[in-house]
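> Prediction below, plus the sequence it came from.
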Amino acid sequence: MLFRNRTFRIVFVSDLLQQLAIWVRNMALLYFVLERTHGDKFAVSLLSIVEYAPIFVFSIIGGLFADRWNPKRTMIAGDLLSAASILGIMVLIAADAWQSLYAAVFLSAVLSQFSQPSSAKVFKAHIPEEQVPAAIGLSQSMSSLFLILGPVAGTAIYQWAGLNASLLVLPILFLISAAVLSFLPKEASSVEQSHSTLREDMGEGIRFVRSESGLKKLLAAFALIGLGAGLVQPLEIFIVTERLGLSPDNVQWFAAADGLGLLIGALVAASFTALLNFRYLFPAAVVFLGVTYVVEALSVWPVLTGGFRFANGILLAILNTAVGTYVIAKIPSEMVGRVSGIVTPLSMGALLIGTTLSGPLSHNAGILPAYFAAAALCVLSALPALRVRFARQPSDAKEEKRAVSHG
């Protein structure tokens, strides 16, 4: 059983503490900025930018260093520095230099881009391959659960304890997480000293991705899916207000349906790992994802729209689990960080491009064509998805051994 694996238990508890800390931080600072700026939209949006931009900008750098550094020490150092960054935010607020907290939040978000690839390397080294899908699924489940409960918990703590107490608990959570990670096996720290430059490592990672036909097809499929998701993401509120005739505050219930779907989908993927090896799961899922966009665009019934949003969350969770399993199980250990660092900005870039195009497309053509375009992109992504082989074949192990012997 997966929870008998000591390494997984340690990483799972650490992730749990980090997720709680991140959501308490995000909600506390959101309410603080809202109050201090009297609801200035630019100030609030800037906070979101500094929280999420590092995912796009620094994920590849974090992946490069994850392949060079000791993963255990990197994860512990990330928690210690995150604790220090929160203390820095508290000092800035106390000194009435609160505008500088944007830099501190940015730094805190950057640090997480170094810890996440290291966590993947630890999974690769210490979790049996047949248990990797369940490990990824349970990790996805926890993240999905915090998408639903995180804002609620962060808001409750802020309203009950106030800003200073909310922030004060964060270094404690990060320090406990670092202490938990200190119990990781020593074998996880066994990394050969690299004598190559970061530029050479990045070039090697890109060449590896280009040489792996399955990985290239997977990236092409996810780029199309991300582009489609970006087209519809800014338009969800208009579906609620214009198509369904509801007030804007009802958006939260459809987001909750999406989050609940993510949670259940991740649990399904963790419980029925054999599904992830089914060749036609990925293409069938992305085609049905396109169908959900069409239904959302045409539906005038809230229950139907919510039901398909729920199904959308389930499918995305299963797809994310399948891709995460593919990266950890099929990518050589020395490449896990770099590949993860390349995949993330490509997916985020496609999402950002879609979001950028969403406004002009919906303004000139309308909401329905934007949703239909997203559906078409999902259906198109099934073509490269059909060529991706998720099931591990005996030849894969032979190829890995051959690569190691010639490495």
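That came through, no problem. On a predicted model such as this, the values are computed, not experimentally measured, just so you know.
> Please tell me I have it right and Ser281 contacts Thr321.
In this structure residue 281 is Leu, not Ser. No: counting by Cβ atoms under 8 Å, Leu281 sits too far from Thr321 to count as a contact (10.7 Å). In this view, the C-beta of every residue, glycine as well, is placed from N, C-alpha and C.
> who's more crowded, those two?
Between Leu281 and Thr321, Thr321 has the larger neighbour count (other Cβ atoms under 10 Å), namely 29 against 18.
> show me what contacts the more buried one?
By Cβ atoms under 8 Å, 6 or more residues apart in numbering, the contact set of Thr321 is 133, 136-137, 140, 265-266, 269-270, 276.
> residues in contact with the residue lying closest to Leu47 once chain neighbours are set aside?
In this structure, Leu47 finds its nearest non-sequential neighbour in Val33, 5.5 Å apart by Cβ to Cβ, 6 or more residues apart in numbering. Taking Cβ under 8 Å, 6+ apart, we find Val33 in contact with 40, 43-44, 47.
> and the strand or helix carrying Val33, which residues are buried?
Val33 is located in helix 6-37, with elements delineated by DSSP states H and E. For helix 6-37, a neighbour-count test (16 or more other Cβ atoms under 10 Å) marks 7-8, 10-12, 14-33, 37 as buried.
> Now do whichever helix or strand Ile136 is part of, average pLDDT.
Per DSSP H and E: Ile136 is located in helix 132-181. Mean per-residue pLDDT for helix 132-181: 82.
> Please apply the same query to stretch 244-263.
On average, stretch 244-263 scores 81.
> I'd say His126 and Thr7 touch.
Yes: using Cβ under 8 Å, His126 is in contact with Thr7, at 3.9 Å.
> And the strands in this structure?
Assigned by DSSP state E, the chain shows no strands.
> so where's it shaky on pLDDT?
Applying pLDDT under 70 to the chain flags the ranges 1, 41, 45, 144, 147-148, 187-196, 198, 249, 273-279, 389-407.
> Quick check, Ser177 in contact with Phe12.
No: at 11.2 Å, Ser177 does not count as touching Phe12 under the criterion of Cβ under 8 Å.
> so what's the closest residue in space to Ala229 that isn't next to it in sequence up against?
Excluding the flanking residues, the one nearest Ala229 by Cβ to Cβ, 6+ apart is Leu351, at 5.9 Å. Leu351 makes contacts with 226-227, 229-230, 233, as judged by Cβ under 8 Å, 6+ apart.
> And Leu218, by the same measure?
By Cβ under 8 Å, 6+ apart, the residues touching Leu218 are 323, 326, 384-385, 388.
> could you redo the last one with a cut-off of 6 Å?
By Cβ atoms under 6 Å, 6 or more residues apart in numbering, the contact set of Leu218 is Val388.
> cool, and Ala28?
Ala28 makes contacts with 158, 163, 166, as judged by Cβ under 6 Å, 6+ apart.
> Then Val300?
For Val300, the contacting residues are Arg243, by Cβ under 6 Å, 6+ apart.
> how far is stretch 36-50 from where the chain is centred?
Its chain's C-alpha centre and that of stretch 36-50 lie 23 Å apart, by Cα atoms, centre = their mean, to the nearest Å.
> Revised request: answer the last question for stretch 75-93.
22 Å.
> contacts for that stretch?
Under the contact criterion Cβ under 6 Å, 6+ apart, stretch 75-93 has outside partners 100-101, 104, 107-108, 111, 114-115, 118, 167, 170-171, 174-175, 177-178, 181.
> Would you mind checking those residues for buried ones?
So, of these, 101, 104, 107-108, 111, 114-115, 118, 167, 170-171, 174, 177-178, 181 end up buried under the neighbour-count rule (16+ other Cβ under 10 Å).
> between those residues, which is closest to Met202?
Distance to Met202 across those (Cβ to Cβ) is lowest for Phe114, with 15.3 Å.
> Pull out the buried residues from stretch 364-384.
367, 370-375, 377-382, 384.
> Stretch 334-352 too?
Burial within stretch 334-352, assessed by neighbour count using 16+ other Cβ under 10 Å, is assigned to 334-348, 350-352.
> among those, which are in helices?
In helices, defined here by DSSP state H, the members of the buried residues of stretch 334-352 are 336-348, 350-352.
> Now flag whichever of those is closest to Ala311.
The closest of those to Ala311 turns out to be Leu351 (Cβ to Cβ; 20.2 Å).
> just to revisit the earlier point, among the contacts of Ala28, name the buried ones.
Neighbour-count burial (16+ other Cβ under 10 Å) applied to these gives 158, 166.
> From the contacts of Ala28, pick the one nearest Lys330.
Of all the contacts of Ala28, Lys330 sits closest to Ser166, with 41.5 Å by Cβ to Cβ.
> May I see the contacts of Ala28 organised as JSON lines, with distance to Ile314 added?
Below are the contacts of Ala28 laid out as JSON lines (distance: Cβ to Cβ, whole Å):
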{"residue": "Tyr158", "distance to Ile314": "31"}
{"residue": "Leu163", "distance to Ile314": "37"}
{"residue": "Ser166", "distance to Ile314": "33"}
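> Kindly indicate which of the contacts of Ala28 lies nearest Ala317.
Lowest distance from Ala317 to these (Cβ to Cβ) belongs to Tyr158, with 28.4 Å.
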